[in-house]
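**Q** fold the following for me, if possible:
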Amino acid sequence: IMMNGGCKYPGIQGKEQLMQFEMALINLQLQVERTFTQVAVSTGRPSVVIMDRGLMDIKAYLPAELWNELLDRLHLTES
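**A** This is a model prediction of the structure:
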């Protein structure tokens, strides 16, 4: 969504720009996941919501120290 909307990936060298980009991406992903879950619940029927490329996908593209810093800044954990 972000890339199709004109956002450019800042690259690993621009640390603060990268952190801002990734925080925006995490917030977007969380909102998408919450929205789909809310719609599923609203049906009143048993539902399954599958997240093909979820939050943990972001972790695969970042060094561990940046991922942990992102989690700290956003007050999130992996559990």
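**Q** for stretch 57-69, buried residues please.
**A** Residues of stretch 57-69 classed as buried by neighbour count (16 or more other Cβ atoms under 10 Å): 62, 66-67. In short, each C-beta sits where N, CA and C put it, glycine included.
**Q** show me what that stretch is in contact with.
**A** 12, 15, 18-19, 22, 25-26, 29, 70 (Cβ atoms under 8 Å, 6 or more residues apart in numbering).
**Q** burial count for residue 1?
**A** The number of residues packed near residue 1 is 9, by other Cβ atoms under 10 Å.
**Q** tell me the pLDDT at it?
**A** Residue 1 is assigned 84 on the pLDDT scale.
**Q** wait, it sits on residue 28?
**A** Yes - using Cβ atoms under 8 Å, residue 1 makes contact with residue 28 at a distance of 6.4 Å.
**Q** and the contacts of stretch 57-69, which are buried?
**A** Buried among the contacts of stretch 57-69 by 16+ other Cβ under 10 Å: 18-19, 22, 25-26, 29, 70.
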